[in-house]
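Undergrad: The sequence isn't on hand, but the structure is:
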């Protein structure tokens with residue numbers, strides 16, 4: 001059975017750090033590009049926004065709002081992708097999803113169920 005499971009979300013103060021994990025089962029995550037997406041509370045009902053992506057050969061991309069603060073990586077031996085988040089801001093608050101995608105910027109094959117990140121003082 002195909003599954004993507006995110007973990008690592010938490011409540012932190014501004015300036016804090018978190019590391020999100022995305023673990024796949026039932027398929028080989030390393031054969032896919034993987035994106036991290038953010039659903040902010042203000043955009044409920046809309047599609048999550050792609051914030052970072054890593055290709056099958058490790059090329060990474062980021063939206064401007066997280067560039068320099070977030071780092072995406074993958075460990076194919078663990079069938080996993082990670083998002084290291086530093087210097088967190090209240091505007092980073094939301095539900096974070098990972099998805100296996102056809103290519104960075106392409107359509108998603110599989111979605112996880114998300115993990116909640118709350119940044120507040």
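TA: On my side now, so go ahead. None of these values were measured; they are calculated from a predicted model. Numbers count the residues shown, from 1 in each chain.
Undergrad: how near is the most centrally placed residue in the chain to residue 121?
TA: In the chain, the centroid-proximal residue (CA atoms, centre = their mean) is residue 36; its distance is 2.7 Å. Counting by CB to CB, to the nearest Å, the separation of residue 36 from residue 121 is 24 Å. Just so you know, the C-beta spots here come from the backbone N, C-alpha and C atoms, and that holds for glycine as well.
Undergrad: Got the confidence number for residue 98?
TA: Here the pLDDT value assigned to residue 98 is 98.
Undergrad: give me the element it is part of.
TA: Residue 98 is part of strand 94-101, with elements assigned from DSSP states H and E.
Undergrad: Buried residues in the very next helix or strand once past that strand, which are they?
TA: Per DSSP H and E, the first helix or strand lying C-terminal to strand 94-101 is strand 108-111. Of the residues in strand 108-111, 108, 110, 111 count as buried by neighbour count, 16 or more other CB atoms under 10 Å.
Undergrad: ok, so of those, who is nearest residue 98?
TA: Within the buried residues of strand 108-111, the smallest distance to residue 98 is 7.8 Å, found for residue 111 (CB to CB).
Undergrad: is the closest one in a bridge, and if so with what?
TA: residue 99 (DSSP bridges).
Undergrad: contacting residues for residue 27?
TA: 2, 100, 110 (CB atoms under 8 Å, 6 or more residues apart in numbering).
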